[in-house]
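**Student:** model the following, please.
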Amino acid sequence: MAWLKRAFSSLIVRITGLTLAALMMVVAALFFLMQTELLTQALYPRALTDNAENIAELVWLVETSPDDTRPFILSAYGGGYRSAAISNDFAGELRSHAGLRTRLVMSESEVAWRLRDRDIRFEALGLARLQSRLKETGGNPIVGTAALQIAIELEDRRILNIWLAPAQTLGRRPIALIAAGFVLVFLATALGLAIASVTLGPIRRLEQDAARVELGDAGPGVSETGPSELRRVSAALNRMRERLNGLIQEREQIVAAIAHDVRTGITRIRLRMDERGEVSADEIEADVAQMEALITDMLAYARAQSPTGPQELVRLEKFIRDVADAAPHPIDVCLPPDDDFIIVGDPVALRRLFENLIENARRYGGGEITVRVDATHDGRDVRIEDNGPGLPDDQLETVFQPFQRGENSRSRATGGAGLGLGIARGIAKAHGAALRIENRPEGGLVAIVHFPKNLRT
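**Tutor:** Residues are numbered from 1 along each chain as shown. Reported below is the predicted structural model:
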């Protein structure tokens, strides 16, 4: 059964199967419609013309045969798409119809002349009324969901009822139905293969392009060709490729920076060793602490975009004041008069976010720090302002990359590993916020954390 499962997992087999099922449903729908009263009414005149001789002969046989043989005559006439029965009077809504009557008696044969002076009435019957009328008059069931009833008055005043289903299809010879089935399967297969060929070509090219992506290289972009749906998939893969390239470059940067800092620490330890090859714990404590801090920052950077702490309701303005009050240096705090902006987040991660920004402002901002919360039309802006030298405009975005520091005033000698802003942006993004840095017109930098109003609970 494994091969059957693999076959049905193929797109070609699925498309062909769906196409065949759709064509079969169309054929079934057309067959049903051809049996309905509205569509078959257009076929009744032709049906009467084709059956006029047989109906006239049936009338003659019924009238000239003994009563005990009439059931056999009616049974022999019926079957398939027609049926016949005798009733005592006209039933239902049978009415005269000049056009249909002309079709029935227009034949030049001798038996047809016998019908010209008879009271003949007609009625088109749908499925429900047809079944009811057959049951009421004792007629045999016929194939079809609609039929024309012809009621002819006999010489003894009784009524000969005849039902014709001109749209009947199932009465065809079996070989014709088998041939039609083979044609249907052939058309469905051909159509399915045509659809699959149009679809699978771009999919195979997309597969080949995606296969070129490797661990260390995201490869070239996939071609955005083919149907619109596949073009959208290709565009999404190209966007994913760009993100993957960024992650690959970032990984290379991080590995290189870690190797450099660890190697630097080990080199300093070696230089401190005396001629005996020994060094005291006090002499290497600072180097070990620096390497430990680097590893801690790296772990924080890796986890920044997926905080694992418990989620709590955080009243933003009060939270900012608590962080500012806990800082080891004075901070000016400006909050809006209302205190009702509440979000759901990880308090530990959010505290690290704002502490990193405040510490960054303290190190490089000239000593004066202002934390401001502004109410905007689309949420809240938390602004951490300093009065330092600022940054060139082309470095306002690069400082978020790991181990990027900007100009000399923000050199490695004045601070940590260069991961603080990257960690802060990752935490902000994980909470649905956005972090950016701008130069202030009056001097210094401002770090802005924007919380959209849709985060408000």
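
**Student:** ranges for the strands of the stretch 351-457 of the chain?
**Tutor:** Using DSSP state E, counting those that start in this stretch, the strands of the stretch 351-457 of the chain run over 369-376, 379-386, 434-439, 445-452.

**Student:** so which of these gets nearest Leu43?
**Tutor:** With respect to Leu43, and counting by Cβ to Cβ, the nearest of the strands of the stretch 351-457 of the chain is strand 445-452 at 66.4 Å. All C-beta atoms are positioned from the backbone trio N, CA, C, and that covers glycine.

**Student:** off-centre distance for the closest one?
**Tutor:** 35 Å (Cα atoms, centre = their mean, to the nearest Å).

**Student:** kindly report the same for stretch 392-401.
**Tutor:** 39 Å.

**Student:** span of that stretch from start to end?
**Tutor:** Distance between the two ends of stretch 392-401: 16 Å, counting by Cα to Cα, to the nearest Å.

**Student:** out of the strands of the stretch 351-457 of the chain, flag the one nearest Ala56.
**Tutor:** Taking the strands of the stretch 351-457 of the chain one by one with Cβ to Cβ, strand 445-452 is closest: 86.1 Å.

**Student:** so which elements touch that closest one?
**Tutor:** helix 347-364, strand 379-386, strand 434-439 (3 or more Cβ pairs under 8 Å, 6 or more residues apart in numbering; DSSP states H and E).

**Student:** buried sites along that strand?
**Tutor:** Residues of strand 445-452 classed as buried: 445-451 (neighbour count, 16 or more other Cβ atoms under 10 Å).

**Student:** what's the answer for stretch 147-163, then?
**Tutor:** So for stretch 147-163, counting by 16+ other Cβ under 10 Å, buried means 147-153, 159-163.

**Student:** now pLDDT, secondary structure and distance to Asp117 too, for the residues you listed, in JSON lines please.
**Tutor:** Formatted as JSON lines, the buried residues of stretch 147-163 follow (pLDDT from 0 to 100; DSSP: H, G, I helix; E, B strand; the rest coil; distance: Cβ to Cβ, whole Å):
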{"residue": "Ala147", "pLDDT": "85", "secondary structure": "strand", "distance to Asp117": "26"}
{"residue": "Leu148", "pLDDT": "88", "secondary structure": "strand", "distance to Asp117": "22"}
{"residue": "Gln149", "pLDDT": "91", "secondary structure": "strand", "distance to Asp117": "21"}
{"residue": "Ile150", "pLDDT": "92", "secondary structure": "strand", "distance to Asp117": "16"}
{"residue": "Ala151", "pLDDT": "93", "secondary structure": "strand", "distance to Asp117": "15"}
{"residue": "Ile152", "pLDDT": "93", "secondary structure": "strand", "distance to Asp117": "11"}
{"residue": "Glu153", "pLDDT": "91", "secondary structure": "strand", "distance to Asp117": "10"}
{"residue": "Ile159", "pLDDT": "92", "secondary structure": "strand", "distance to Asp117": "16"}
{"residue": "Leu160", "pLDDT": "93", "secondary structure": "strand", "distance to Asp117": "15"}
{"residue": "Asn161", "pLDDT": "94", "secondary structure": "strand", "distance to Asp117": "19"}
{"residue": "Ile162", "pLDDT": "93", "secondary structure": "strand", "distance to Asp117": "18"}
{"residue": "Trp163", "pLDDT": "91", "secondary structure": "strand", "distance to Asp117": "23"}
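
**Student:** returning to what we had before: worst average pLDDT in the helices and strands packed on strand 445-452?
**Tutor:** Looking at the helices and strands packed on strand 445-452, the lowest mean pLDDT belongs to helix 347-364 (a mean of 88).

**Student:** okay, how far is it across stretch 59-78, tip to tip?
**Tutor:** End-to-end distance (Cα to Cα), stretch 59-78: 14 Å.

**Student:** model confidence over stretch 310-326, on average?
**Tutor:** For stretch 310-326, the per-residue pLDDT averages 90.

**Student:** can you give me the domain boundaries for this protein?
**Tutor:** Following automatic domain parsing, one finds the domains of the chain at 10-196, 228-302, 304-455.

**Student:** wait, which of those domains is closest to Gln208?
**Tutor:** Comparing the domains of the chain under Cβ to Cβ, the one sitting nearest is domain 228-302, at 12.1 Å.

**Student:** show me where the stretch 51-200 of the chain has helices.
**Tutor:** 70-77, 98-105, 110-113, 127-137, 174-211 (DSSP state H, counting those that start in this stretch).

**Student:** and the first one, what other elements does it pack with?
**Tutor:** Okay, so that is helix 70-77. helix 44-64, strand 82-87.

**Student:** quick one on the thing from earlier: can you redo the helices and strands packed on strand 445-452 as JSON lines, where the extra columns are mean neighbour count?
**Tutor:** Below are the helices and strands packed on strand 445-452 laid out as JSON lines (neighbours: other Cβ atoms under 10 Å):
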{"stretch": "helix 347-364", "mean neighbour count": "21"}
{"stretch": "strand 379-386", "mean neighbour count": "22"}
{"stretch": "strand 434-439", "mean neighbour count": "16"}
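
**Student:** one step back: which one, of the domains of the chain, ends up nearest to Glu207?
**Tutor:** Once the domains of the chain are compared by Cβ to Cβ, domain 228-302 is nearest, at 10.8 Å.

**Student:** that older thread, as JSON lines, the strands of the stretch 351-457 of the chain with distance to Leu100 would be great.
**Tutor:** Shown next, in JSON lines, are the strands of the stretch 351-457 of the chain (distance: least, Cβ to Cβ, whole Å):
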{"stretch": "strand 369-376", "distance to Leu100": "80"}
{"stretch": "strand 379-386", "distance to Leu100": "78"}
{"stretch": "strand 434-439", "distance to Leu100": "79"}
{"stretch": "strand 445-452", "distance to Leu100": "75"}
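
**Student:** closest to Met106 out of the ones you listed?
**Tutor:** strand 445-452 (82.6 Å).

**Student:** in the chain, which helix is the longest?
**Tutor:** helix 228-272 (DSSP state H).

**Student:** returning to what we had before: output the helices and strands packed on strand 445-452 in TSV; the columns should cover distance to Ile142.
**Tutor:** Output for those, formatted as TSV (distance: least, Cβ to Cβ, whole Å):
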stretch	distance to Ile142
helix 347-364	78
strand 379-386	74
strand 434-439	74
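
**Student:** state the pair within the buried residues of stretch 147-163 that is farthest apart.
**Tutor:** Spatial extent of those (Cβ to Cβ) is set by the pair Ala147 and Glu153 at 19.9 Å.

**Student:** same list, the buried residues of stretch 147-163, but as CSV with distance to Ser234 please.
**Tutor:** CSV is the format used below for the buried residues of stretch 147-163 (distance: Cβ to Cβ, whole Å):
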residue, distance to Ser234
Ala147, 57
Leu148, 59
Gln149, 63
Ile150, 65
Ala151, 69
Ile152, 72
Glu153, 76
Ile159, 73
Leu160, 72
Asn161, 68
Ile162, 66
Trp163, 61
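
**Student:** could you count how many residues lie near Glu252?
**Tutor:** The tally of other residues near Glu252 (other Cβ atoms under 10 Å) stands at 11.
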